[in-house]
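Q: coordinates for the following, if possible.
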Amino acid sequence: MAILDHADRVRISQAIRAAEANTAGEIYVVIARAADDYRFVPILWAALVALLAPWPLHVLTDLSVGTILLVQAATFVWIAVAASHPAIRYRIVPSAIAAEAARKAAEGLFVAHGVHQTEARTGILIYVALAERRVEIVADAGINAKVEQAAWDELAGEIVAAARAKALVDGIIAAVRRAGSLLAAHFPHRPDDRNELADRVVEIE
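A: Okay, the predicted model is just below:
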């Protein structure tokens, strides 16, 4: 099942096209269901709980060592299996791990989609990871020299807020427009400017 419907894809594409009409910058939008699958996270939690579980049993009960070890093994297996379900797995990812995964995914896509290859190094990537509820905005070297990262972080926060209000697409469109204004202030449209990146949203299932 696609992340967006056709109408939303069109709206975002039109917003990108309109934003780029006044700037030599390029805006690229990627929406992913998740930045990572975090297969290791349920194992980590299961190992942690299984490591701690024997102690209260040893101190507070008369169970034999063999029985306690069986409980420990069963605890590990049960938690690992239960926490592997997507509905649970993405909710137990530590915030720092989710943030790092989103950042790495955004930087990888920035390169993979050639956003770093614009002639004047004026491309930005807006990356939305739905499962993590994270937004990363990666700007190329030409932009970083003139626009502080704090400006992009503010835009990212606005998209997250819009998503929480169940208005993700509206938030993305608003961010694209503001990004276009920021870029236009430093990189105005040139007569010989050409569209170097497709004006579309990429969806990663």
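
Q: where exactly do the helices run in the protein?
A: 6-20, 40-52, 54-60, 65-83, 86-89, 95-112, 141-144, 149-164, 168-186 (DSSP state H).

Q: and among these, the most buried is which?
A: helix 168-186 (a mean of 20; mean count of other CB atoms under 10 Å). For every residue, glycine as well, the C-beta is placed using N, CA and C.

Q: what's in contact with that one?
A: With CB atoms under 8 Å, 6 or more residues apart in numbering as the test, helix 168-186 has contacts from 4, 8, 11-12, 15-16, 18-20, 22-25, 27, 29, 31, 122, 124, 126, 128, 137, 143, 146-147, 151-152, 155-156, 158-163, 165, 201.

Q: can you do 7 Å?
A: Where contact means CB atoms under 7 Å, 6 or more residues apart in numbering, the residues beyond helix 168-186 that reach it are 8, 11-12, 15-16, 19-20, 22-23, 25, 27, 29, 122, 124, 126, 128, 146-147, 151, 155, 158-159, 161-163.

Q: for stretch 156-167, same thing?
A: Residues contacting stretch 156-167 (CB under 7 Å, 6+ apart): V128, R133, V135, E136, I137, L168, D170, G171, I172, A174, A175.

Q: I figured V41 hits I92, correct?
A: Yes - the pair V41 and I92 passes the contact test of CB atoms under 7 Å, sitting 6.2 Å apart.

Q: which neighbours do these two share?
A: Joint contacts of V41 and I92 (CB under 7 Å, 6+ apart) do not exist.

Q: how far away from the center of its chain is stretch 88-98?
A: In terms of CA atoms, centre = their mean, to the nearest Å, the centre of stretch 88-98 is found 12 Å from the chain centre.

Q: least trustworthy helix or strand in this protein by mean pLDDT?
A: helix 54-60 (a mean of 87; mean pLDDT, DSSP states H and E).

Q: how about E20, what does it touch?
A: E20 makes contact with E26, I27, G180, N195, D199 under the criterion CB under 7 Å, 6+ apart.

Q: tell me the two of these that are most distant?
A: Spatially, the most separated pair among the contacts of E20 is G180 and N195, at 13.4 Å (CB to CB).

Q: give me the residue at the spatial middle of the chain.
A: Geometric centre of the chain, nearest residue: A129, 2.8 Å, by CA atoms, centre = their mean.
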